[in-house]
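Asks: Generate coordinates for the sequence data below:
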Amino acid sequence: MQQTTDTREIINVYYGTTSGNSSRLAFQFADEAIQHKFIPKIFNLKEFNPDVFIQTRLNIFFVSTYGVGGPTSDAIDFNNWLQSKDRKQNELQGVHFSVFALGNTKHEHFCGMGVKTDARLEELGATRIFQLGKGNSCDETTDNDYSVWVESGLFAALESLSPLITVPANQVQSSIYKIKEFDNIDVLIGETLSFQAQKYKDSYSLKIIEIKELRKAPSAGNSTLFLSLESQNIPYKAAQNIAIYPENTEEYIQEICSMLNLDPKFIFQIETKGNHPFPTPISVHNYLKKYCDFLGPITKKQLYTLSLLVDDPKVKEELKFVSSHKGREQYDTNYLQTRECFFNLVKKYNIKNIPLQQLIELCPLISPRYFTIASSPLKYPNKIEIIASELLITKERLGLCSQFLRNVKVGQEIKCYLQESAFTLPQNPQAPILLLGIGAGLAPMRAFIQEKDEFIEQNKLDQSPFKGPMTLFFGCRTMNDYLFKEELEEYEKNGTLNQLKVAFSREGQQIRITNYLDVEFLNQFLESGGIIYVCGSTQMGRDVQIAIENMFKQIRKVMPYLAYRKVNELEEQKIFVKELWG
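Replies: Got it, this is the predicted structure:
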């Protein structure tokens, strides 16, 4: 007699991502949907097919925001389709949806893409399954925000729309991935890769031709590296973004293999009905090195799984509790804020029984890290220069990319790709330029300065996008942090920079960049048609914004509640351009 099982209908799960958070949550949701008897199908929004979407009743979206409330690069076509004036009223009637938006509260357009997607789907006649969810990466609470969203009733809402039906057991997917041993790693498999995996596969492999420390007295967590990559005539732009894929070190790989009894030489292939998360066949060693993020912030899914594997009853209960909705405060305080990770907990609790298949499902893919290019292709057409500040996660552990860059050598190749940044050339070449940067935020400023300098050297300033005066205000803590001191002072001396001011916040007069931004100066600068570029911390960006708001209130007599909007208008007009982090 044929075996049967209870199941529910298909759910299409879409994600649009830059750093990988949306895709990670999409796969996590799919795994949870299987436990609730649904049949998930995962799509990157690059693969969005309107016909498939409209014909599928249940649809879940995980969308990140890029730029000023806009879509990530993989979601541009989807967004254009959704927002098009060609869409008809009630075109999506019968379609059910729910959206989880990802963003950062330190950015003005928090979760802008998700908010617009949610509103537009309803506007076109689709029915909202469950309230809009929002994940905030500002304090690394995205996973907690996701858990709260799910546990507030998402699956109850889905189950009310899709009652159980009985089908043959062989029609139901029990796990997203299955592992199959493979003999020959050189055999090519015609598998369909996920958007992330395809992006990694298609990325450039650029050779490191120089690497050096920029600070005079570096220390742990207080180091800034300069990297020069051979660009192989790849066309790039000044101040464009470059995404670098970091890798886990051999020490960590050996240790996790030892802890979980994994054979690093074991070659495997993934079998899945969906897209493959990374190219296979592959060895365990290369999977752990290039793809497995076991050092990232611990997720609730990981904590719950570990709670099933530990022996100590007290630890079991604690892990189970913090992975629940009720334990969200302890999760935030004891795990996120302490930068706990999967690797550390596996080691701490001596967990051995995690098979490879489960490890792949538990650990997200390593995400690329973004840097703003610090060189001009006019001056250096054959190399790309980067400034990288070291990130100290805990007293004992560097961030994954910091750790990776600390260990790379000249001659080694690293995987990377290019992406547009907020720093585009001014539309008016005559406009005065004010560059505001702190620390590694000097990168795009240096690229623009080099661009102007090269036009001057070639006696082609009349063709330059920077014909107007250029000023740099650079913020450092101490003289030890004054990056490219001689180079910048030479640019001021030869006239490329019309003015250079350096603010030292922890020595001498202890001033900050914003001390130079008095209201009279800002008013005069903006009245002259000037453009302000800012690169640094989100706090620094906010301080600059407040300085401009004060100018509107004090000099132009704008009402306080309208001053904020005036600054937003400057952003929309690309008069106030910023790229911020942390």
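Asks: Any stretches of the chain with poor pLDDT?
Replies: Low-confidence segments of the chain (pLDDT under 70): 1-4, 106-108, 138-140, 167-176, 183-192, 194-195, 220-221, 273-274, 395, 582.
Asks: Domain ranges for it, per the record?
Replies: Following automatic domain parsing, the chain resolves into domains at 4-171, 178-185+194-201+249-362, 433-581.
Asks: quick one, helices of the stretch 151-300 of the chain?
Replies: Using DSSP state H, counting those that start in this stretch, the helices found in the stretch 151-300 of the chain span residues 155-161, 195-202, 250-260, 284-290, 300-309.
Asks: out of the ones you listed, nearest to Ser64?
Replies: Smallest distance to Ser64 across the helices of the stretch 151-300 of the chain (CB to CB): 12.4 Å, for helix 195-202. Where you see a C-beta, it was placed from the backbone N, CA and C, and this is true even at glycine.
Asks: Next, the buried residues of the closest one.
Replies: Within helix 195-202, the residues scored as buried using 16 or more other CB atoms under 10 Å are 195-200.
Asks: With stretch 387-401 instead?
Replies: By neighbour count with 16+ other CB under 10 Å, stretch 387-401 contains the buried residues 387-393, 397-401.
Asks: buried ones in stretch 208-227?
Replies: With burial defined by 16+ other CB under 10 Å, the residues of stretch 208-227 counted as buried are 208-209, 211, 214-215, 223-227.
Asks: Quick check: the farthest pair among those residues?
Replies: Among the buried residues of stretch 208-227, Ile209 and Arg215 lie farthest apart (CB to CB), at 20.9 Å.
Asks: Gly475 in helix, strand or coil?
Replies: Secondary structure assignment for Gly475 (DSSP: H, G, I helix; E, B strand; the rest coil): strand.
Asks: I figured Ile387 was touching Arg215, is that so?
Replies: No. Contact criterion CB atoms under 8 Å: Ile387 and Arg215 do not qualify, at 11.1 Å.
Asks: got any residues that touch both of these two?
Replies: By CB atoms under 8 Å, 6 or more residues apart in numbering, Ile387 and Arg215 have these common neighbours: 224, 483.
Asks: Pull the contacting residues for Val148.
Replies: Val148 is in contact with 133, 325, 328, counting by CB under 8 Å, 6+ apart.
Asks: what about 7 Å?
Replies: Under the criterion of CB atoms under 7 Å, 6 or more residues apart in numbering, the neighbours of Val148 are 325, 328.
Asks: Could you tell me the angle between the helix or strand hosting it and helix 300-309?
Replies: Val148 belongs to helix 142-149 when assigned by DSSP states H and E. Calculated by axes from the mean of the first three to the mean of the last three CA atoms, to 10 degrees, helix 142-149 forms an angle of 80 degrees with helix 300-309.
Asks: The stretch 301-450 of the chain: helices as residue ranges?
Replies: Using DSSP H, counting those that start in this stretch, the helices assigned to the stretch 301-450 of the chain run over residues 313-322, 328-331, 342-348, 356-362, 400-407, 442-457.
Asks: quick one, which of these is packed in tightest?
Replies: Across these, averaging neighbours per residue (mean count of other CB atoms under 10 Å) puts helix 442-457 on top, at a mean of 23.
Asks: Summarise which helices and strands that one is packed against.
Replies: strand 369-372, strand 433-438, strand 470-476, strand 531-537 (3 or more CB pairs under 7 Å, 6 or more residues apart in numbering; DSSP states H and E).
Asks: In CSV: these, plus mean neighbour count and distance to Lys316.
Replies: Putting the helices and strands packed on helix 442-457 into CSV (neighbours: other CB atoms under 10 Å; distance: least, CB to CB, whole Å) gives the following:
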stretch, mean neighbour count, distance to Lys316
strand 369-372, 22, 35
strand 433-438, 24, 46
strand 470-476, 23, 49
strand 531-537, 23, 40
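Asks: Can you add distance to Lys289 and give those back as TSV?
Replies: Supplementary listing: these in TSV, determined by distance: least, CB to CB, whole Å:
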stretch	distance to Lys289
strand 369-372	16
strand 433-438	34
strand 470-476	36
strand 531-537	31
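Asks: how close does the spatially closest residue to Pro368 that is not a sequence neighbour get to Glu329?
Replies: Once flanking residues are discounted, Pro368 sits nearest to Ala243: 3.7 Å by CB to CB, 6 or more residues apart in numbering. Using CB to CB, to the nearest Å, Ala243 is found at 34 Å from Glu329.
Asks: picking that back up, what's near enough to touch the residue nearest to Pro368?
Replies: By CB under 7 Å, 6+ apart, the residues touching Ala243 are 368-370, 416-417, 419.
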